[in-house]
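Novice: missing the sequence, but the structure's below:
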């Protein structure tokens, strides 16, 4: 390992991660209560230790170099281990402390607050960072190791993951009370196809599950309306 890398400081990595997150020196400075020259200095010192540039400007947009992508992954591992150490040390002291970074699919956002309220009742010193995104973004964050725990509807089959099913999440067709279908005593999926269907956006786990089910049942909805929630 390069000896220069051992001279990196956690503060430099914090500044670097803030620039990556915000895509801007000025916004990173504002987030960390620093001046922009101070952020620039930290990044410049970090580039000297790495031996390569970390950011490129194309027009007014900031892009990460390959070296920055590698450093970003390494810094996520480092801070993840520190957070884990913090919680382990707190547990040894008889109390659980630290921050839990939780990412959930949007379909789970309605019941997660209730679960976390109960968790907080037992562990009041644990703070929560909750991110709500669709299925596609959950998978992307999963590959980046950005969160401690993820709650999703469909676990990727092409990744080696530890997961635990804990709750059924049935998808139920609903319609307004005056809809003609509400007068029927029983319904088949094919009975729904002549009517417009509301669907979630591309990347949604709910949409994917519905589409796979309809495909299996050979049910085609010619009229659909896409909504983001």
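Specialist: It's in. This one's a predicted model, so the numbers in the text were calculated from it and none came from an experiment. Numbering: from 1, shown residues only.
Novice: Which elements pack onto whichever helix or strand residue 118 is part of?
Specialist: Using DSSP states H and E, residue 118 falls within helix 112-122. Judged by 3 or more CB pairs under 8 Å, 6 or more residues apart in numbering; DSSP states H and E, the packing partners of helix 112-122 are strand 98-105, strand 126-133. From N, CA and C alone the C-beta is placed, and that goes for glycine too.
Novice: Mean neighbour count, the ones you listed: which tops it?
Specialist: strand 98-105 (a mean of 20; mean count of other CB atoms under 10 Å).
Novice: what's the angle between that strand and strand 126-133?
Specialist: In terms of direction (axes from the mean of the first three to the mean of the last three CA atoms, to 10 degrees), strand 98-105 departs from strand 126-133 by 20 degrees.
Novice: I'd like the numbering to begin with 410 instead of 1 from here.
Specialist: Sure thing, new numbering starts at 410, so read that last one as strand 507-514.
Novice: Over the helix or strand harbouring residue 465, what's the mean pLDDT, rounded is fine.
Specialist: Secondary structure from DSSP H and E places residue 465 in strand 464-467. Taken as a whole, strand 464-467 carries a mean pLDDT of 86.
Novice: Also stretch 471-487?
Specialist: Stretch 471-487 shows a mean pLDDT of 90 in the predicted model.
Novice: Same question for stretch 609-620.
Specialist: Across stretch 609-620, pLDDT averages out at 83.
Novice: Just the residues contacting it, thanks.
Specialist: 514-516, 543-547, 561-563, 580, 608, 635-638 (CB atoms under 8 Å, 6 or more residues apart in numbering).
Novice: now, which of the residues you listed lie within strands?
Specialist: Members of those lying in strands (criterion: DSSP state E): 514, 608, 635.
Novice: between the residues you listed, which is closest to residue 455?
Specialist: Distance to residue 455 across the ones in strands among the contacts of stretch 609-620 (CB to CB) is lowest for residue 514, with 34.7 Å.
Novice: For that closest one, which residues are in contact?
Specialist: Residues near residue 514 by CB under 8 Å, 6+ apart: 541, 542, 543, 544, 547, 560, 561, 562, 614.
Novice: ok and whichever helix in the chain runs longest relative to strand 507-514, angle-wise?
Specialist: Identified as the longest helix of the chain according to DSSP state H is helix 475-501. Per the same axes, to 10 degrees, the angle that helix 475-501 makes with strand 507-514 is 120 degrees.
Novice: And the helix or strand harbouring residue 455, what's buried?
Specialist: Take DSSP H and E as the rule and residue 455 turns out to sit in helix 445-459. Residues of helix 445-459 classed as buried: 448, 449, 451, 452, 455, 456, 458, 459 (neighbour count, 16 or more other CB atoms under 10 Å).
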